[in-house]
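> need a structure here:
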Amino acid sequence: MRKDKSESQDASPYAGRWVARLNGRVIAHGGTPEQARLAAQKSRHKEKPEIMYMPTRPLSISPLIERVRAALPDEEHYLVGGAVRDALLGRVSHDFDFAIPRNAIPLARRLASVFKADFYVMDESFDIARLILTSAEGVRDVLDFAAFRGADLYADLRGRDFTINAVAFDVQAEALLDPLDGASDLRARIVRACSDSALRDDPVRVLRAVRLAAEFDFKIEAGTRKAMKAAASLLPDVSPERKRDELFRILAGPRPADSLRALDLLNAFPYLLPELPALKGVQQSEPHIHDVWEHTLGTIRYLDELLSWLVPGDGSGTADDSYAGPLTLQLGRYREQLAAHFAKRLNADRSLRALLFFAALYHDVSKPATRSVDAGGRIRFFGHDQRGAQAACERAIAFNLSNDEIERLRSVIAHHMRFHFFVSHMETQGREPSRRAVYRFFRDAGEAGIDLVLLGLADLRAIWGPTLNLQTWAAALDIAHMLLENYWERPEETVSPPRLVDGRDVMQEYRLEPGPLVGRVLEAIRETQAAGEVSTREEALAFGREWIRQDEK
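Down below sits the predicted model:
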């Protein structure tokens, strides 16, 4: 960005302070906007200076903003919200919100023509439009243009959610405008509401405050926390899609378990995820050390740790954790494959990581409804996996998740006990699952089998907590390694063997009509092939003939 000469001269001495400027020159300064204004009045009481904040570092404004300025040389427009906050923090942003006095939609349409960008009208009644620019490398920049929400820019900023998001950058003048002192809250690492009514005006901000606090490791100001708790009961007034998007951003971000505990303390779950409060106080038999709710949060915390150790760029695990060494030794070789797995998306706006954490949050959701106690006093939860999958899918449908996401969620929760069965079999009999069992696991789970392995390990950690012995952990890691090895290194042997015969072969050889029996024969042949019991077309056809004979008995 270009820099005014006087600004570049004045910025260094006043970095981190508020200044009053007249004709591009600093005439006074202070620690707050009001101090700078009062200081200016002492010497220039008849004039009205511009009050602005001088950042402590050069703003990391995207070059894209310079292109916007050049394309709109005579238009008043301000960069607002998260992009300015990120610039003050030295972070890169690809989401840009612009506030302009009026006619945002036609201005955005004109800019879309200049940039050859995709153009969408987001809300005609509120005069909001969106541009999406996609680079040759596939990076998406989203630019939203909206008319002032209020009489002017200052009214617009006062109506926003939190002070750290209510700093504006005058693109033409290249000046920061911060009437709510958001820059000071950024330095103090505080999330503070812009007004007393900010949370009531838009209750989804309850979720957003929790997300921002976790993302930046900030504290939520006490008054704002009190307002959040009061506004949580208003969450039913928010559209399911907006609640979903904020929740999934929490699950995709840092420290999701802490964020979920914060939402629980705010009493948000009855109005956000009403199935969850019933998990509290539901006791479980040993080796479980927690009730179902604390176990669920533990599963999410351990899953976060596992991903930090195994997925490049997903944070950093606790180096001195005695369980981390064996984990990385056994599974560290699959870091690149795991990164590629989580880089895929079933929906352009939501990550697979967030969906897996949502599955972890709901994996035991039906334990309260299925709890029973046998004659020996042992607590059982028969069928909680299948019923839990149904409950989670109903919540996913209410959130308008895509069909692909719902199916992945169903698969992960419905099959999450299978990993534990494998580990138990390994411990009691000292044998890995058979090739047939591995084939059935991935036949039923598909690509979700990768998620099941990770969830299984996290679930096991949460069951035992610090009482987990390293022998059990080693058995679990052996199972995890074996499953991932088959999936990524030997898929044609056990996971997806090439077909030796097809439907036409089956119908001709056995004189069958088209129908379900043909598919059943093909599946039986393929499973036997994955088990290593047939390897040629002739062997496959002979097996199929005997299978039909046995089936007809």
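
> any weak-confidence spans in the chain?
1-16, 55-59, 313-320, 553 (pLDDT under 70).

> give me the most central residue, it.
residue 252 (2.1 Å; CA atoms, centre = their mean).

> ok, that residue to residue 331 distance?
22 Å (CB to CB, to the nearest Å). The way it works is simple: take the backbone N, C-alpha and C, and place the C-beta from them, glycine included.

> next up, phi/psi of residue 350, please.
Backbone torsions of residue 350, given as degrees, to the nearest 10, read phi -140, psi 140.

> list the contacts for the nearest residue to it once chain neighbours are set aside?
Leaving aside its sequence neighbours, residue 350 sits nearest to residue 248 (CB to CB, 6 or more residues apart in numbering; 5.1 Å). Counting by CB atoms under 8 Å, 6 or more residues apart in numbering, residue 248 touches 350, 351, 354, 355, 358.

> pick out the most distant pair among those residues.
351 and 358 (10.6 Å; CB to CB).

> circling back to that earlier point, and the residue nearest to residue 350, what helix or strand is that in?
Taking DSSP states H and E as the definition, residue 248 sits inside helix 240-252.

> please parse the chain into its domains.
Domain segmentation of the chain under automatic domain parsing yields 5-53, 63-188, 196-272, 275-495, 503-551.

> for the last one, measure first residue to last.
According to CA to CA, to the nearest Å, domain 503-551 extends 18 Å from its N-terminal end residue to its C-terminal end residue.

> and for the longest one?
Across domain 275-495, the straight-line distance between its terminal residues is 35 Å, by CA to CA.

> cool, and stretch 495-509?
26 Å.

> can you give me the helices in the stretch 301-450 of the chain?
Assigned by DSSP state H, counting those that start in this stretch, the stretch 301-450 of the chain shows helices spanning 324-331, 335-343, 352-362, 367-370, 384-398, 403-414, 416-429, 435-445, 448-464.

> and the angle for the helix or strand just after the last one with helix 435-445?
In the C-terminal direction, the helix or strand that comes right after helix 448-464 (DSSP H and E) is helix 470-489. Angular relation of helix 470-489 and helix 435-445 on a 0 to 180 degree scale: 70 degrees, by axes from the mean of the first three to the mean of the last three CA atoms, to 10 degrees.

> what helices and strands are in contact with helix 470-489?
For helix 470-489, the elements it packs on are helix 324-331, helix 416-429, helix 435-445, helix 448-464, judged by 3 or more CB pairs under 8 Å, 6 or more residues apart in numbering; DSSP states H and E.

> now distance to residue 69 too, for those helices, in a markdown table please.
What follows is the helices and strands packed on helix 470-489, written out as a markdown table (distance: least, CB to CB, whole Å):
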| stretch | distance to residue 69 |
| --- | --- |
| helix 324-331 | 48 |
| helix 416-429 | 52 |
| helix 435-445 | 51 |
| helix 448-464 | 45 |
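
> most neighbours per residue, which of those?
Comparing the helices and strands packed on helix 470-489 by mean neighbour count (mean count of other CB atoms under 10 Å), helix 448-464 comes out on top with a mean of 24.

> that one packs against which elements?
When contacts are defined as 3+ CB pairs under 8 Å, 6+ apart, helix 448-464 sits against helix 292-310, helix 352-362, helix 403-414, helix 416-429, helix 435-445, helix 470-489.

> neighbours around residue 239, how many?
10 (other CB atoms under 10 Å).

> hmm, I was thinking of residue 407
16.

> quick revisit: nearest to residue 76, out of the helices and strands packed on helix 448-464?
helix 352-362 (37.7 Å).

> any idea of the angle the closest one forms with helix 292-310?
Angle, helix 352-362 to helix 292-310, by the same axes, to 10 degrees: 150 degrees.

> just give me how far stretch 435-446 sits from the chain centre.
Chain-centre distance of stretch 435-446: 28 Å, with CA atoms, centre = their mean, to the nearest Å.

> dump it to PDB, keeping only the CA atoms.
Extracted C-alpha coordinates of stretch 435-446, given in PDB (Å, rounded to 0.1, in the frame of the first residue of the first chain):
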ATOM      1  CA  ARG A 435      -8.000 -60.200   6.300                       C
ATOM      2  CA  ARG A 436     -11.800 -60.900   6.100                       C
ATOM      3  CA  ALA A 437     -12.400 -58.600   9.100                       C
ATOM      4  CA  VAL A 438     -10.300 -55.800   7.700                       C
ATOM      5  CA  TYR A 439     -12.100 -56.100   4.400                       C
ATOM      6  CA  ARG A 440     -15.500 -55.900   6.100                       C
ATOM      7  CA  PHE A 441     -14.300 -52.900   8.200                       C
ATOM      8  CA  PHE A 442     -13.500 -50.800   5.200                       C
ATOM      9  CA  ARG A 443     -16.300 -52.200   3.100                       C
ATOM     10  CA  ASP A 444     -18.800 -50.900   5.600                       C
ATOM     11  CA  ALA A 445     -16.900 -47.700   6.600                       C
ATOM     12  CA  GLY A 446     -15.100 -46.700   3.300                       C
END
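
> so where do the helices sit in the stretch 51-200 of the chain?
63-71, 82-88, 104-115, 153-158, 182-188, 198-201.

> for the ones you listed, give me JSON lines that also has distance to residue 22 and mean neighbour count.
As requested, the helices of the stretch 51-200 of the chain are exported to JSON lines (distance: least, CB to CB, whole Å; neighbours: other CB atoms under 10 Å):
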{"stretch": "helix 63-71", "distance to residue 22": "23", "mean neighbour count": "15"}
{"stretch": "helix 82-88", "distance to residue 22": "24", "mean neighbour count": "23"}
{"stretch": "helix 104-115", "distance to residue 22": "30", "mean neighbour count": "18"}
{"stretch": "helix 153-158", "distance to residue 22": "19", "mean neighbour count": "18"}
{"stretch": "helix 182-188", "distance to residue 22": "21", "mean neighbour count": "19"}
{"stretch": "helix 198-201", "distance to residue 22": "33", "mean neighbour count": "20"}
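
> make JSON lines from those helices and add distance to residue 485 to it.
Converted to JSON lines, the helices of the stretch 51-200 of the chain look like this (distance: least, CB to CB, whole Å):
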{"stretch": "helix 63-71", "distance to residue 485": "44"}
{"stretch": "helix 82-88", "distance to residue 485": "41"}
{"stretch": "helix 104-115", "distance to residue 485": "47"}
{"stretch": "helix 153-158", "distance to residue 485": "55"}
{"stretch": "helix 182-188", "distance to residue 485": "47"}
{"stretch": "helix 198-201", "distance to residue 485": "50"}
